[in-house]
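In: Sequence and predicted model, in that order:
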Amino acid sequence: MSLIKVKNLKKHYQVHEKEPGFLGSLKSLVSRKYKTVKAVDDISFTIDEGELVGFIGPNGAGKTTTLKCLSGLLYPTGGEVSVLDYNPWERKPELQKQFALVMGQKNQLWWDLPALESFVLNKEIYEVPDKKYQETLADLTRLLDVKDILKIQVRKLSLGQRMKCELIAALLHSPKILFLDEPTIGLDVVMQKKMRDFIKSYNRKYGSTVILTSYYMGDVQELCKRVIIIDKGKIVFDGELSEIVEKYADHKLLSVVFAKEIDPKKLAAIGEIKSYDFPKATLSIKREATSVAAAQLLQEFPVADLNVEEAPIDEIIRELFTGKNYA
Amino acid sequence: MRDWEFRFNVLIWAVMNFSWFGLMLASVHLVFGQVEAIAGWNRDEVLLLVLVQALFLDFLWAFILLNLSKFSRLVRRGDLDLALLKPINLRFLVSTRYFDNDHYPRMIFLFFLIPRFVGRLAVQPTIFAWLNAGLLFGLGLFIFYNLFFMITTTNFWFTNLFNLGDFCSEVIDVGRAPVYIFKNQARIIFIYFIPTAFISTFPVQALLGQIGSEMVLVGMIISLVLLIVSQAFWRFALRHYTSTGS
């Protein structure tokens, strides 16, 4: 069953361009030049209940704007959106009590008060019954291991601790849909792993639908089976993560361990050398020429070990965005 | 509660508010050192006007103005996003998010001072007069909340409008003098359009038995019109909220 239906969604902004310097400022006071930015340009997709979808794209692609349209923060310029059969920009409380938006770069917690104060406020706003609140809070506190910091002022917490508390604040009302906008941004690798584990277990335990935007491919690879790629406001890919490799990876990686010293120049004739640090080397080979290249390596060089691997997803995505190879 | 985390700040502001109040009273004594009456109002009546106006300002700052002043920051920094997500009336949320505790000490002081001061006057108000005055005072707060809220709403377009709090305080300062110092069209403006008369003139007149319930009815009509207009304007403005980038 589709919980989220997006059809021909558009969001355009009028922004003014200002020249730098004092004269630019003076000119801007009197006359301004405006241009239209098509942040989201005619996108359509559906998301079913319980899915965990990665929403990725380069900077300025339209990811956050899309999430904001889905959560009713912005009125779209055109198109239709249905979230749990509601129109999100009508901002009906019945819908708002069923989803949460967590933005990695914004805090909903009161800065000068302990997180627990903000939780109590959210409990009242979302009308969470006392017993349910206590149970959910206990559960989330245990999952995120934050029992010792709930009574400390938020501004005294580390970024990772604050993000955990932000998640709790967003999940106290047990939303069916979770929009996560860069939830791991700025976190260290340990904390990123903890956050991913939490999101995975929350999705599994409560069956909630999650849409996640992130710059870290680790987040997407570990959490999402399905990925939507957006660039310049348009969807360029919507499918399983594994399909990205099949569709866009035009090369594979050959990892070789040599038994004896070799001439790297001869190696370069077989494929592009990504790295060479004797006895190991990594070559990038066109997908269709992989088996021929492997056979050639085994014949012409003293190979101790040979591995054929797909190119890393993040490299594929990077090449996708920079090379714009969406064919 | 948040402000009480900064105890010294609360104390300093309380001292400052009382100092300003002292200056206001001193200015009245200064003027009445030169004249016998202002627009027919004697010194005690004008002092009562100042006390009521100060209480009005305290109420306005304590419960309304701080929120309206912070609204431009909410829009400019995109922090309104978080308020928009909550299943609660957004106007209510942005209007009641903060309380300015700095004004509580003077407010409480005036609550005790005003009845004592009135007790010294020749005219002793009835309970009905007190109720009338309270209603007019409350209507004044509601009227100015709607007026200032409409100005605040323009932040959706102008983003960083101006220091709303100071502007509002200047407007409220007009209420320190009886509205009858204005003539003709000016008086009409300050009774019906920028109704500073509801700040202190009408509540004090109600206490002194000079007006009945008729101005309560006028105040209710003005309040209702402003509420409808401000709410319609707010709904229209929300569609133009563009948030900020990620």
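Out: Now that the structure is in, tell me what you want to look at.
In: contacts, neighbours, all on C-alpha from now
Out: Will do.
In: all strands for the stretch 1-150 of chain A, in order.
Out: A:2-17, A:33-48, A:52-56, A:78-83, A:99-103 (DSSP state E, counting those that start in this stretch).
In: In which helix or strand does whatever residue of chain B ends up closest to chain A reside?
Out: Across chain B, the shortest distance to chain A (CA to the nearest CA) belongs to residue B:87, at 4.3 Å. Remark: residue B:87 resides in no helix or strand, with elements defined by DSSP states H and E.
In: My understanding was that it contacts residue A:126; is that so?
Out: Yes: using CA atoms under 8 Å, residue B:87 makes contact with residue A:126 at a distance of 6.4 Å.
In: list residues touching both of the two?
Out: Shared contacts of residue B:87 and residue A:126 (CA atoms under 8 Å, 6 or more residues apart in numbering or on different chains): residue A:97.
In: and the nearest residue to residue B:191 once chain neighbours are set aside, what is it in contact with?
Out: Distances taken as CA to CA, 6 or more residues apart in numbering or on different chains place residue B:197 nearest to residue B:191, at 5.4 Å, with adjacent residues excluded. Residues in contact with residue B:197 (CA under 8 Å, 6+ apart) are B:175, B:178-179, B:190-191.
In: okay, those in CSV with secondary structure next?
Out: As requested, the contacts of residue B:197 are exported to CSV (DSSP: H, G, I helix; E, B strand; the rest coil):
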residue, secondary structure
B:175, helix
B:178, coil
B:179, helix
B:190, helix
B:191, helix
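In: TSV for those residues, including neighbour count and pLDDT?
Out: Formatted as TSV, the contacts of residue B:197 follow (neighbours: other CA atoms under 10 Å in any protein chain shown; pLDDT from 0 to 100):
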residue	neighbour count	pLDDT
B:175	24	78
B:178	24	85
B:179	23	86
B:190	18	86
B:191	21	85
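In: Leaving out sequence neighbours, find the closest residue to whichever residue of chain A sits closest to chain B.
Out: Closest residue of chain A to chain B, CA to the nearest CA: residue A:93 (4.3 Å). Leaving aside its sequence neighbours, residue A:93 sits nearest to residue B:87 (CA to CA, 6+ apart; 4.3 Å).
In: show me the contacts for that neighbour.
Out: The contact partners of residue B:87, by CA under 8 Å, 6+ apart, come to A:91-94, A:96-97, A:125-126.
In: which residues touch stretch A:238-249?
Out: By CA under 8 Å, 6+ apart, stretch A:238-249 touches A:221, A:224-229, A:287, A:310-311, A:313, A:316, A:320, A:325-326.
In: go on, stretch A:37-52?
Out: By CA under 8 Å, 6+ apart, stretch A:37-52 touches A:1-15, A:53, A:60-62, A:65-66, A:79, A:203, A:207-212, A:223-226, A:232-235.
In: Distance from stretch A:72-81 to the middle of the chain?
Out: 21 Å (CA atoms, centre = their mean, to the nearest Å).
In: now that stretch: mean pLDDT?
Out: Average pLDDT, stretch A:72-81: 92.
In: Report the buried residues of that stretch.
Out: Across stretch A:72-81, burial judged by 16 or more other CA atoms under 10 Å in any protein chain shown covers A:72-77, A:80-81.
In: Alpha carbons of it, as CSV, please.
Out: This file holds the C-alpha atoms of stretch A:72-81, laid out as CSV (Å, rounded to 0.1, in the frame of the first residue of the first chain):
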residue,chain,number,x,y,z
GLY,A,72,3.9,20.4,4.4
LEU,A,73,6.5,23.0,5.1
LEU,A,74,6.4,24.4,1.6
TYR,A,75,3.5,25.0,-0.8
PRO,A,76,4.5,23.5,-4.1
THR,A,77,4.4,25.5,-7.3
GLY,A,78,2.6,22.6,-9.0
GLY,A,79,1.7,18.9,-8.8
GLU,A,80,0.0,16.7,-6.3
VAL,A,81,1.3,15.0,-3.1
